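Colleague: structure of the sequence below:
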Amino acid sequence: MIQIYHNPECGTSRNTLAMLKASGEQPEVIEYLRTPPSRERLCQLIAAMGISPRELLRRKGTPFDELGLDDPSLDDDALVDAMIEHPILINRPIVVSERGTALCRPSEKVLALLVNPVTHFVKEDGDKVVVSEVNS
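Modeller: Residues are numbered from 1 along each chain as shown. Modelled structure (predicted):
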């Protein structure tokens, strides 16, 4: 089963979800602002994506600056703690599939996680996505 950690207010997240559905998937949609991941699950997602907690932090529209999260002396545990306390700090969308786990920014990154990705897709803003361009 495919999971998407989704924010319906985010255009990238909406596009990613639409690409999943256009590819014939019925993902489990986790609105992570309503149902945040546990600390353990968040750490699992970060490890599965092969990124650092700092790379998952979202700055825009979050308390990133007021919390001083750009301080390079903050360790991974402190950054994960901040994301647990303020889930809006978790960048999105995160997609989990049998082919891997990825932060799907841009949204077309999701196509690499799918067995039968949609071949053509038009994003909300009118940008066209063609699979041959994504996978080349």
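Colleague: break this structure into its domains for me.
Modeller: Under the assignment named as automatic domain parsing, the residue ranges that make up the domains of the chain are 1-32+93-136, 39-91.
Colleague: just say which of the ones you listed is most tucked in.
Modeller: Looking across these with neighbours counted as mean count of other Cβ atoms under 10 Å, the highest average goes to domain 1-32+93-136: a mean of 17. Where you see a C-beta, it was placed from the backbone N, CA and C, and this is true even at glycine.
Colleague: which stretches in the chain count as helices?
Modeller: 11-22, 39-49, 53-56, 76-85, 131-134 (DSSP state H).
Colleague: what about stretch 102-119, how long is it end to end?
Modeller: The first residue of stretch 102-119 is 20 Å away from its last residue (Cα to Cα, to the nearest Å).
Colleague: which residues touch it?
Modeller: Taking Cβ atoms under 8 Å, 6 or more residues apart in numbering as the criterion, the residues outside stretch 102-119 that touch it are 2, 12-13, 15-16, 19-20, 22-25, 49, 51, 55-56, 91-95, 97, 99-101, 121, 123, 129-131, 134-135.
Colleague: off-centre distance for that stretch?
Modeller: Computed by Cα atoms, centre = their mean, to the nearest Å, the chain-centroid distance of stretch 102-119 equals 11 Å.
Colleague: next: stretch 117-133.
Modeller: Between the centre of stretch 117-133 and the centre of its chain there are 18 Å (Cα atoms, centre = their mean).
Colleague: please apply the same query to stretch 16-24.
Modeller: For stretch 16-24, the gap between its own C-alpha mean and the chain's C-alpha mean amounts to 14 Å (Cα atoms, centre = their mean).
Colleague: do the same with stretch 11-24
Modeller: 12 Å.
Colleague: out of the helices and strands in the chain, which is least certain?
Modeller: In the chain, the helix or strand scored least confidently by mean pLDDT, DSSP states H and E is helix 131-134, which has a mean of 61.
Colleague: picking up where we left off before, can you tell me which of the domains of the chain the model trusts least?
Modeller: Per-segment mean pLDDT for the domains of the chain reaches its minimum on domain 1-32+93-136, at a mean of 92.
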